[in-house]
Structures are given as C-alpha cells and as structure tokens.
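Undergrad: Give me a model of this one.
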Amino acid sequence: MDDEREVIKQRRQINIFWRLIATTFGFILFGSYGLFILSLLWFTLLRLFVWNEAQRIAIAQKSISFSFKIFLWIVKSLGIIDYQFYGLEKLKQDKKCLIVANHPSLLDVVLLASVMPRCDCLVKGALLQNIFISGIIKTAGYILNQESEKILPQCQQILANGGRILIFPEGTRSVPNEPIKLQRGAANIALRCHADLRVIHIQCNPPLLFKKQKWYRIPYKKPCFTITIGEKIAINDFSEFSTTIAARKLTQRLTSIFNEKSEII
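TA: Have a look, this model is predicted:
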C-alpha cells in the first residue's frame, strides 16, 4: 500500500514538473510570437500597406483570433490546460452588444478572442507599456480605459457598425473563493449606447494565473477552463430608471449572476 502511494506521489511530481516545463515554453512562445511575429512583422506590414483603418482593424482582429486559437491548441496538446465551451452558437448570433465576462485568469481574453474573430476589447491603458502586446492593441483598434473622453464615442461607433465589445466588469482578475465585485463601467456603457449584454461565465478548476499568482506556481493537477455562454440581458428592461439608478441595478444583476454561477459550479 505504501509503495503504491509512493508511486502515485512520484507520478504527480513528474506531471507537475512536466507542466512547469511546458508552461515555461508556452510563455516564451506567447511572448516571442506576440512581439516578433505579430507586433514587429505582421502588424507593421498591415500599417504600411493597409491604409483603410476599418479594413486594417478587421484583419488584425481576425489574425489575433487565429493566433490565440493556435496557441490554445498547443498548450492543450502539451497538457498545460484543458478547456470546454458551452453555448458557443449564441455568440454567432450576437451583434451590436456588449460581451461581459468574469475574469478568473490571465487566459480569459485569449480563450474568448479565439472564438470571436471580430470583437473589440476594452483594455487597460497600462498595457501599452508592455512591449509584447502594445503593438497588438494599437493595430487591433482596442479601446483604452484610460482615455475616458474617447470611450463612449468609440463604443457607439463600434456598436452602430454591428460590432461587439468584450468587457471584464471586474476591472481586474478575481481572487479564488472570494465574492465577485463589479465596477459600473460596463453598465454605463450599455445604458448610454443602448446595447444589450451577453453574459459569459468562466470557471477554472483548479485556479490558474489568477490575481497575484506567479506563473510558475503550477497547480496540483491540470487546470480545466469551463466557458459558458449564458443569457442575454435586454437593456430595455432598465429604460424606466434614470441612468444612475439603472447602472446600479444592472451592475447588481450582473454581480448576482456571476456569483450564483460560481456557487453552482
């Protein structure tokens, strides 16, 4: 019995060590590909030869989606993570709406963008300081949250053209086993742009790359992401209230949905 337990323990240690090596490779691949191939090569060529901004952004976003799809296939094949989407067909129907999701991991945007070839994102302005992804953000036309005076006009233009905007209402990655707390930014954008909201819940078990976790802290077993495309919230349900009250009620509803989903799973 003791020998059997020792064998199981050794296998777990070998598995963890392998996933640490594979994760290191994954980060190197992600960084080098993002910096050299996308930012310095492909997107530079786009800026030089595709002068039409709308066309350039469309090509850039589709390139990002395809690249993320390949990256996820690699890390899944290496046994670093596993993932499963539910209700994916709903996203194909969505236009002129906000895509709102909880944010348990650094890989959330990679997972969602991989299945949405055309989708704008609201991103932190501080990411422009990151040499690996600053060029990607600029060429893809993503919306910067630090440019407050530009956010609403940009969102209105994107939605008017039938686009979708991905927003993580928490504003930062969440902490495992703690209640989800949302900011009102997503609700305010939805109300002022009169846009419905598609809710997506992301679960990662065991947690991986959550807030303040070091990338080399490998979980005891392979993490599995479960991405559930949920209900669509009609913005007309909040039209009877003032913008301030409606934003509060909409944020409360989103918070309730995300926390209930977390408890169920």
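Undergrad: Give me the below-cutoff pLDDT ranges for this protein.
TA: Under the criterion pLDDT under 70, the flagged ranges of the chain are 1-4, 6-8, 34-35, 262-265.
Undergrad: hey, where'd the helices end up in it?
TA: Assignment of helices within the chain using DSSP state H yields the ranges 2-32, 43-49, 53-77, 89-93, 108-114, 134-140, 148-160, 185-193, 243-264.
Undergrad: and of the ones you listed, who's closest to Phe168?
TA: Of all the helices of the chain, the one in closest proximity to Phe168, counting by C-beta to C-beta, is helix 108-114 (7.0 Å). In this view, the C-beta of every residue, glycine as well, is placed from N, C-alpha and C.
Undergrad: CA atoms of the closest one as CSV?
TA: Taking only C-alpha atoms (Å, rounded to 0.1, in the frame of the first residue of the first chain), the coordinates of helix 108-114 have been written out as CSV:
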residue,chain,number,x,y,z
ASP,A,108,-9.6,34.7,-20.2
VAL,A,109,-9.2,37.1,-23.1
VAL,A,110,-7.2,34.5,-25.1
LEU,A,111,-10.0,32.0,-24.7
LEU,A,112,-12.8,34.4,-25.7
ALA,A,113,-10.9,36.1,-28.5
SER,A,114,-10.1,32.7,-30.0
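Undergrad: Residues in contact with it: which ones?
TA: Around helix 108-114, the neighbours that count as contacts under C-beta atoms under 8 Å, 6 or more residues apart in numbering are 64-65, 68-69, 71-72, 83, 99, 101-102, 119, 121, 166, 168, 173, 200, 202, 225, 227.
Undergrad: same question, stretch 13-24
TA: Outside stretch 13-24, the residues touching it (C-beta under 8 Å, 6+ apart) are 75, 78-80, 215-216, 218, 220-222.
Undergrad: Buried subset of the residues you listed as a ChimeraX selection?
TA: Command for ChimeraX, covering only those of these found buried under the criterion 16 or more other C-beta atoms under 10 Å:
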select :75,78,80,218,222
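Undergrad: Count residues in the vicinity of the residue nearest to Ala186 when sequence neighbours are not counted, would you?
TA: With C-beta to C-beta, 6 or more residues apart in numbering as the measure, Pro169 is the residue that lies nearest to Ala186, at 4.1 Å, once sequence neighbours are left out. The burial metric for Pro169, expressed as a neighbour count using other C-beta atoms under 10 Å, is 26.
Undergrad: Report the contact partners of Arg47.
TA: Arg47 makes contact with 56, 139 under the criterion C-beta under 8 Å, 6+ apart.
Undergrad: how near is it to Phe36?
TA: To Phe36, Arg47 is 16 Å away according to C-beta to C-beta, to the nearest Å.
Undergrad: Just want the most central residue of this protein.
TA: In the chain, the C-alpha nearest the mean C-alpha coordinate belongs to Val109, at 2.0 Å (C-alpha atoms, centre = their mean).
Undergrad: now that residue: how far from Leu45?
TA: For Val109, the distance to Leu45 equals 24 Å [C-beta to C-beta].
Undergrad: Likewise for Leu144?
TA: Here Leu144 is placed at a distance of 24 Å from Leu45 (C-beta to C-beta).
Undergrad: next one: Arg184
TA: Taking C-beta to C-beta as the criterion, Arg184 is separated from Leu45 by 40 Å.
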